[in-house]
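Visitor: Here you go, sequence then predicted model.
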Amino acid sequence: MLDDELFKYFAANPSSVADLWSLSSRDTDPMFGPLVEFLNAIPASEIKSTIENDEKFRSLYLRDGQEPAKTQEIAKVWYAEQFIRREIAARRLSLLRDTDSELRPEPYSRSSLSDLSVGKDHLVPLRSFAYDGSRLTRNGDAFMLLSTTGSPNSTYWLLAAFYKTAIDGETSVRLDPYLFGPEDVMPAVFYRMIVYGRPLDWARIASMKDQEHGRWRPSRLSKASEFTEFCWTRRGDEVHFVCEEVPTSSDVLTSAARYLHAVYDPEEARITHFDGALRLYTPDELTERHRHSVRSAGKVGLREKVFRIDKPVSREAFCLVTQAFFVWNYDIQNYFGTLSV
């Protein structure tokens, strides 16, 4: 239903399908024809269902006295936007699942990266790139971090956090398999959002004897997930922290779990190990994951690292990066922002 040319156009754009609305009226754009063909192929039944059943569409675009033809036109573009967004997310996860660890997956086949060593975890050092406040650039190409949600800007604030906390020199990241292109062509996007790190009650964490854990169900404001869990576990002189945002069964093919692991050294008052990853579940694996807590979930699912930090970092940097990694998860933001200092 979605041809490769149109898919590549939207998948490589950090603004993603937000451009679809304007593109649908730009008849001089090379992508206009393929988009119109795609829009005209949408079944009338899907447009009707969108108008009648899509609550978000109804709240945003349904107006009293609006001409039916206008409502159908808007519903068609809205449906196309949601379809393309899900298709990009599903293909990205499928690509990650099918990637041979011995090969150089996209975008590492680009000549601009040919001299970079890429390990089995597909991470590359940030110090090998320039940062323009939005993109990573190198030898005429621009790249973005692996998207952790269906939104292509989901790691925008994470990348900014690495530089803001001055840990970029020791950080390695996974580049997105779709979000790259020539530096002078790929858009540089800038967003405003306050992401802040506020220290936890580290004295309580340092004195814990066993475990401290919790689970949150998503609020109305949070991105859709089944639940988010965290656990602090004492292991000898260290305290290990794990946190996972687990997707719903209906989203298993388009949403991965965001998973973070860190090790805290109370004596040194710093984080000695820190990495974030995506956990990709099959439907059966996700059903099993829903039955367990993060304390007993084991290593089910395929793990694809998003970043790894190779030096100890401050507690403040840990708080900031964690909130940026779990952007739009307001339970995580509240947890890190409201505990006693």
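Guide: Yes, it's here.
Visitor: In this structure residue 99 contacts residue 122, no?
Guide: Yes: using Cβ atoms under 8 Å, residue 99 is in contact with residue 122, at 7.4 Å. From N, CA and C alone the C-beta is placed, and that goes for glycine too.
Visitor: For this protein, which segments count as strands?
Guide: 123-125, 130-131, 136-138, 141-145, 171-182, 211-216, 227-235, 238-246, 257-265, 270-280, 302-309 (DSSP state E).
Visitor: least reliable of those going by mean pLDDT?
Guide: Between the strands of the chain, the one with the least mean pLDDT is strand 211-216; it has a mean of 84.
Visitor: So which bits of that strand are buried?
Guide: Across strand 211-216, burial judged by 16 or more other Cβ atoms under 10 Å covers residue 216.
Visitor: now the strands of the chain as a markdown table including distance to residue 315?
Guide: Shown next, in a markdown table, are those (distance: least, Cβ to Cβ, whole Å):
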| stretch | distance to residue 315 |
| --- | --- |
| strand 123-125 | 24 |
| strand 130-131 | 24 |
| strand 136-138 | 27 |
| strand 141-145 | 23 |
| strand 171-182 | 17 |
| strand 211-216 | 16 |
| strand 227-235 | 13 |
| strand 238-246 | 11 |
| strand 257-265 | 8 |
| strand 270-280 | 7 |
| strand 302-309 | 13 |
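Visitor: Out of the ones you listed, which gets nearest to residue 289?
Guide: The closest of those to residue 289 is strand 238-246. By Cβ to Cβ, the value is 6.1 Å.
Visitor: got the angle for the closest one vs strand 211-216?
Guide: 10 degrees (axes from the mean of the first three to the mean of the last three Cα atoms, to 10 degrees).
Visitor: Strand 238-246 pairs with which strands?
Guide: strand 227-235 (antiparallel), strand 257-265 (antiparallel) (DSSP bridges).
Visitor: buried stuff in that strand?
Guide: For strand 238-246, by 16+ other Cβ under 10 Å, it's 239, 241, 242, 243, 244, 245, 246.
Visitor: which among those gets closest to residue 186?
Guide: Looking across those and measuring by Cβ to Cβ, the closest to residue 186 is residue 245, at 28.2 Å.
Visitor: so what's the closest one up against?
Guide: 225, 228, 257, 258, 259, 326, 329, 332 (Cβ atoms under 8 Å, 6 or more residues apart in numbering).
Visitor: ok, now with 7 Å
Guide: 225, 228, 257, 258, 326, 329 (Cβ atoms under 7 Å, 6 or more residues apart in numbering).
Visitor: What is the neighbour count of the first one?
Guide: The one in question is residue 225. Neighbour count for residue 225, taken as other Cβ atoms under 10 Å: 21.
Visitor: what ranges do the helices span in the protein?
Guide: 4-11, 20-23, 32-40, 44-53, 55-61, 68-98, 156-164, 202-207, 283-290, 315-325, 330-338 (DSSP state H).
Visitor: how deep is residue 217 tucked in, by neighbour count?
Guide: 10.
Visitor: Quick check: phi and psi on it?
Guide: Per-residue torsions, residue 217: phi -90, psi 150 (degrees, to the nearest 10).
Visitor: Surely it and residue 227 touch.
Guide: Yes: shown here, residue 217 and residue 227 form a contact pair, counting by Cβ atoms under 7 Å, at 5.5 Å.
Visitor: Domain ranges for the chain, per the record?
Guide: Here the domain parsing of the chain from automatic domain parsing is 4-98, 102-341.
Visitor: ok, the residue positioned nearest the centre of the chain to residue 119 distance?
Guide: Using Cα atoms, centre = their mean, the residue of the chain that lies closest to the mean C-alpha position is residue 148, 1.8 Å off. Using Cβ to Cβ, to the nearest Å, one obtains 20 Å as the distance from residue 148 to residue 119.
Visitor: likewise residue 92?
Guide: In terms of Cβ to Cβ, residue 92 sits 20 Å off from residue 119.
Visitor: Between those two, which is the more surrounded one?
Guide: residue 92 (22 against 11).
Visitor: Quick one, grab the pLDDT at the more buried one.
Guide: Per the predicted model, pLDDT is 94 at residue 92.
Visitor: Next, work out how far apart it and residue 218 are.
Guide: 22 Å.
Visitor: got it, and residue 136?
Guide: Distance from residue 136 to residue 218, by Cβ to Cβ: 31 Å.
Visitor: So for these two, which sits in the more crowded spot?
Guide: Ranked by neighbour count (other Cβ under 10 Å), residue 136 and residue 218 place residue 136 first, with 20 against 17.
Visitor: wait, what's in contact with the more buried one?
Guide: Applying Cβ under 7 Å, 6+ apart, the residues near residue 136 are 129, 142, 143, 144.
Visitor: can you check residue 269 too?
Guide: Residue 269 neighbours (Cβ under 7 Å, 6+ apart): 202, 315.
Visitor: can you offset everything so residue one is 19?
Guide: Fine by me, first position is 19 from now on; the one you just mentioned is residue 287.
Visitor: Can you check the pLDDT for it?
Guide: 92.
Visitor: how deep is residue 196 tucked in, by neighbour count?
Guide: Neighbours around residue 196, by other Cβ under 10 Å: 24.
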